[in-house]
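Novice: Sequence below, structure please.
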Amino acid sequence: MSACREWPADPAGLVELYPRNPQPTLRVNFIAALDGAVTVDGLSAGLQGPGDKEIFDSLRMVCDALIVGAGTIRTEKYDALRLTPAARAWRVEHGLPEFPLMVVVSRALDLDPDQLIFSDAPIRPIVLTYRDARPGRIAEVAEVITVNDLAAGIGVLHDRGATQLLSEGGPSLFGSLIAFDLVTELCLTMSPLLVGGGPGRIAAGTPGVAREMSLRHVLSRQDMLFLRYVRRQGS
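Specialist: Predicted coordinates:
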């Protein structure tokens, strides 16, 4: 059976293609240029195109928690995780909390409590950090949880019932998730651009164990490609 799919006629079709899974899932969503660049002029926004936001919003709608690295929220100027009324209604109809958890991974806790991701959050965000960090002011606007490593942090989220996890990066966080063998899905958007040398890869850091992934589907909209890979059973 071909992995190519028609673009869904309505938002429900995207949910079928990017569903909540019965088993715990750590789904990574990333965008890259054809030559592997992850930014244009330092930001991922320069890579975006038709269809990208629809999938981006759908993935956020179905997840239990959104995990992002501290560097990404600063560089991309993340605001609060506030879904559309339709997305919030969908979640409630499916027995989920109105909003997913917002989880920031930060080793040094050099975070700005006045950034909208914290100051305008509909529910208190979680910050995962490590034993030698000092919370400071960020503890006033977020729940700071200290863990030994990233795998332990994911375990904390599972213990709280958040088993459908979505990571939006950046490359250092993605690399760490791979190194700890935590990634079960990759949703990769290919932008029809050649950017050239400079920007790095979608994953950075310590190499992990190579795992085989299975292509579930390919979507296209104009010249954008959207690939969903799922970890192959036994890998």
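
Novice: Enumerate every residue touching the spatially closest residue to G200 that is not a sequence neighbour.
Specialist: The shortest distance from G200 to any non-neighbouring residue, by Cβ to Cβ, 6 or more residues apart in numbering, is to P171 (5.7 Å). All C-beta atoms are positioned from the backbone trio N, CA, C, and that covers glycine. Residues in contact with P171 (Cβ atoms under 8 Å, 6 or more residues apart in numbering) are V38, G200, R201, I202, A203, A204, G205.

Novice: Lowest-confidence entry in those?
Specialist: Within those, G200 has the lowest pLDDT, namely 82.

Novice: hang on, D114 is in a helix, isn't it?
Specialist: No. Counting by DSSP: H, G, I helix; E, B strand; the rest coil, D114 is not found in a helix; it is coil.

Novice: Now do it against P171, distance only.
Specialist: D114 sits 26 Å away from P171 when distances are taken as Cβ to Cβ, to the nearest Å.

Novice: would you list every one of the strands in this structure?
Specialist: Listed in chain order, the strands of the chain (DSSP state E) span 25-33, 65-69, 101-105, 126-130, 143-147, 164-167, 185-191, 213-221, 224-231.

Novice: Who are the contact partners of the nearest residue to I138 once chain neighbours are set aside?
Specialist: Distances taken as Cβ to Cβ, 6+ apart put L111 closest to I138, at 4.9 Å, once the chain neighbours are dropped. Contacts were defined as Cβ under 8 Å, 6+ apart; by that measure L111 touches A70, I73, R74, V104, F118, V127, I138, A142.

Novice: Any chance of JSON lines for the strands of the chain, columns distance to G155, mean pLDDT and mean neighbour count?
Specialist: Formatted as JSON lines, the strands of the chain follow (distance: least, Cβ to Cβ, whole Å; pLDDT from 0 to 100; neighbours: other Cβ atoms under 10 Å):
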{"stretch": "strand 25-33", "distance to G155": "12", "mean pLDDT": "97", "mean neighbour count": "22"}
{"stretch": "strand 65-69", "distance to G155": "13", "mean pLDDT": "98", "mean neighbour count": "23"}
{"stretch": "strand 101-105", "distance to G155": "13", "mean pLDDT": "98", "mean neighbour count": "24"}
{"stretch": "strand 126-130", "distance to G155": "11", "mean pLDDT": "95", "mean neighbour count": "22"}
{"stretch": "strand 143-147", "distance to G155": "8", "mean pLDDT": "96", "mean neighbour count": "16"}
{"stretch": "strand 164-167", "distance to G155": "11", "mean pLDDT": "98", "mean neighbour count": "25"}
{"stretch": "strand 185-191", "distance to G155": "18", "mean pLDDT": "97", "mean neighbour count": "20"}
{"stretch": "strand 213-221", "distance to G155": "23", "mean pLDDT": "96", "mean neighbour count": "15"}
{"stretch": "strand 224-231", "distance to G155": "18", "mean pLDDT": "97", "mean neighbour count": "18"}
